[in-house]
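K.L.:
Please work out how this folds:
(4 chains)
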2 protein chains.
Amino acid sequence: MYEILIENIFKKIVLNNDEQQLLKTFFIPKKLRKKQCLLQEGDVSKYLAFVEKGILRSYTVDEKGGEHIAEFAFEGWWIGDQFSFLTGEPSTYNIDALEDCELLLLTKQAEEQMLEKIPKMERFFRLLLQNHLIATQGRLVSSLSNSAEEKYKQLVNACPTIPQRVPQHMLASFLGITPETLSRLRKQISQRK
Amino acid sequence: MYEILIENIFKKIVLNNDEQQLLKTFFIPKKLRKKQCLLQEGDVSKYLAFVEKGILRSYTVDEKGGEHIAEFAFEGWWIGDQFSFLTGEPSTYNIDALEDCELLLLTKQAEEQMLEKIPKMERFFRLLLQNHLIATQGRLVSSLSNSAEEKYKQLVNACPTIPQRVPQHMLASFLGITPETLSRLRKQISQRK
DNA sequence: ATTTTTTCTTGATATAGATCAAGAGAAATA
DNA sequence: TATTTCTCTTGATCTATATCAAGAAAAAAT
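P.N.:
Residues are numbered from 1 along each chain as shown, chains lettered A, B, ... in the order given. Predicted structure coming up:
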């Protein structure tokens, strides 16, 4: 059950056996069925979630009801509203499951205890945040400088399986374009080949 | 000279006097004159910089020569290419000074030594990255969901002094719009009042 | 003080992508 | 298997923003 988590952590730091066993005690396993939600706008984000299985998305809803996907989280990724989790302020994000999911949840309290008992985890989370920041900055620059087509190509390039696992209109939302535009743009790409 | 740095660090963690003195030894003071650069695209990012005075920008240049500003860094902020600094890969960013600057530079080696000697700094950088990530995610969502005018208003709201300190065409680049559009949009806003 | 460079504005026109509308497949649910 | 819901496509039209061009104002350099 915790294999993927341990594996994920071992990519950045090393834990001895005692630490590994201790680590497990801080997480709460949770299953989420497709369409169920982990966080609703207006609630405080109580958990950081590690994804063992499935896909989730975090998104905001604008005044006109339009959804804007901030992130997807696949197996081996983490998801949560960092801001709300950190500050205890209500979240502006929604997080829900695109497939049946298996998660490992970490509460604020559990996180604090974990960092106290296993100080090495401080480093793990630092490196995790660093990678997350690098990816987010890259996406931001891309969103400011590339055309819709370029952004789509980059996405598929970075994550070739994503079109099979995520509905197209959600990819459009993630890229900041309309489903119609993405549909037309895909047609053009395929016709050019 | 290190007052602003110490103050910045104390917002997140506490250091005793010995630690404070030791901390200073890891940084290299550096002055940068307006228009001089700290990092050029293609070079490896050797430093993370803490800004004591002045403003810097990091930006990418596209195939057509267009500049896209990823970030500004004011007094009390940190700047650098996290990716290149972390991996040793050549950077895709340029960083230069918009005003005469005073910086405190941290090399990779100094960072490692610092984390070894003052493990609390691991937590400091984690929290720093967390805040940075929150801000970047917010900007990303805003860039995907808001109009040019909304983005400009949000920027000025978040940082009211920025129009006085940064040329307008650079604000446009930061927002991902053209200088002409920003000029017209500002005119409209002022006419409506 | 003059020249050069940078920055900002304004107009005319073009265009990428949005919006509105409708229908066709697919997939989930009953 | 029927039926409801979700997903994708295609067409017609609209609009926010880009592009091109030129000049004015401001700042920096000589």
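
K.L.:
From here on, just use CA atoms for contacts and neighbour counts.
P.N.:
Noted.

K.L.:
Spit out the contact partners of the nearest residue in space to A:Asp43 that is not next to it in sequence.
P.N.:
Nearest non-adjacent residue to A:Asp43, counting by CA to CA, 6 or more residues apart in numbering or on different chains: A:Pro90, 5.0 Å away. By CA atoms under 8 Å, 6 or more residues apart in numbering or on different chains, the residues touching A:Pro90 are A:Glu41, A:Gly42, A:Asp43, A:Val44, A:Ser45, A:Ser84.

K.L.:
what does A:Lys24 give?
P.N.:
By CA under 8 Å, 6+ apart, the neighbours of A:Lys24 are A:Tyr2.

K.L.:
if I look at it, how far off is DNA strand C?
P.N.:
For A:Lys24, the distance to DNA strand C (CA to the nearest atom of the strand, to the nearest Å) stands at 33 Å.

K.L.:
A:Pro160 too?
P.N.:
18 Å.

K.L.:
Same question for A:Ala148.
P.N.:
Distance, A:Ala148 to DNA strand C, using CA to the nearest atom of the strand: 4 Å.

K.L.:
residues contacting that residue?
P.N.:
Contacts for A:Ala148 (CA under 8 Å, 6+ apart) come out as A:Leu175, A:Ile177, A:Leu182.

K.L.:
10 Å - rerun?
P.N.:
With contact set as CA atoms under 10 Å, 6 or more residues apart in numbering or on different chains, A:Ala148 has these partners: A:Ser142, A:Gln154, A:Ala172, A:Leu175, A:Gly176, A:Ile177, A:Thr178, A:Thr181, A:Leu182, A:Leu185.

K.L.:
Make TSV out of the residues you listed and add neighbour count and secondary structure.
P.N.:
Shown next, in TSV, are these (neighbours: other CA atoms under 10 Å in any protein chain shown; DSSP: H, G, I helix; E, B strand; the rest coil):
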residue	neighbour count	secondary structure
A:Ser142	19	helix
A:Gln154	15	helix
A:Ala172	20	helix
A:Leu175	22	helix
A:Gly176	22	coil
A:Ile177	20	coil
A:Thr178	15	coil
A:Thr181	14	helix
A:Leu182	20	helix
A:Leu185	15	helix
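
K.L.:
ok, and which of the residues you listed reach DNA strand D?
P.N.:
A:Thr181, A:Leu182 (CA under 7 Å from any atom of the strand).

K.L.:
and which of the contacts of A:Ala148 is nearest B:Tyr59?
P.N.:
Nearest to B:Tyr59 out of these is A:Ser142 (CA to CA; 11.7 Å).

K.L.:
Please verify my assumption that that closest one contacts A:Glu149.
P.N.:
No. A:Ser142 lies out of contact with A:Glu149 (CA atoms under 10 Å); the separation is 11.3 Å.

K.L.:
Overlap in contacts, these two.
P.N.:
Among the neighbours of A:Ser142, those also in contact with A:Glu149 (CA under 10 Å, 6+ apart) are A:Leu175.

K.L.:
now do the same end-to-end measure for stretch A:16-31.
P.N.:
Its first and final residues considered, stretch A:16-31 spans 28 Å by CA to CA, to the nearest Å.

K.L.:
Let me see the contact set for the residue positioned nearest the centre of chain A.
P.N.:
With distances taken as CA atoms, centre = their mean, A:Ala73 lies nearest the centre of chain A, 3.1 Å away. Each residue near A:Ala73 by CA under 10 Å, 6+ apart is listed here: A:49-51, A:53-58, A:79-80, A:95, A:97-98.

K.L.:
and with 8 Å instead?
P.N.:
With contacts defined as CA under 8 Å, 6+ apart, the neighbours of A:Ala73 are A:Val51, A:Ile55, A:Leu56, A:Arg57, A:Ile79.

K.L.:
do the same with A:Ile69
P.N.:
Neighbour list for A:Ile69: A:Arg57, A:Ser58, A:Tyr59, A:Thr60, A:Met170, A:Ser173, A:Phe174, B:Val141 [criterion: CA under 8 Å, 6+ apart].

K.L.:
Please name the bridge partners of it.
P.N.:
Beta-bridge partners recorded for A:Ile69 (DSSP bridges): A:Tyr59.

K.L.:
And chain B, is the host helix or strand of A:Phe124 touching that?
P.N.:
Secondary structure from DSSP states H and E places A:Phe124 in helix A:120-145. Yes. Residues of helix A:120-145 are located near chain B by CA under 8 Å from any CA of the partner chain, namely A:122-123, A:125-127, A:129-134, A:136-137, A:139-141, A:143-145.

K.L.:
the inter-axis angle of that helix versus helix B:120-145?
P.N.:
Helix A:120-145 and helix B:120-145 are oriented at 30 degrees to each other (axes from the mean of the first three to the mean of the last three CA atoms, to 10 degrees).

K.L.:
and helix A:120-145, how far out from the chain's middle?
P.N.:
Chain-centre distance of helix A:120-145: 12 Å, with CA atoms, centre = their mean, to the nearest Å.

K.L.:
Repeat that for stretch A:85-101.
P.N.:
Relative to the chain's own centre, stretch A:85-101 is displaced by 10 Å; criterion: CA atoms, centre = their mean.

K.L.:
what's the answer for stretch A:102-115, then?
P.N.:
Taking CA atoms, centre = their mean, one finds stretch A:102-115 lying 16 Å from the centre of the chain it belongs to.
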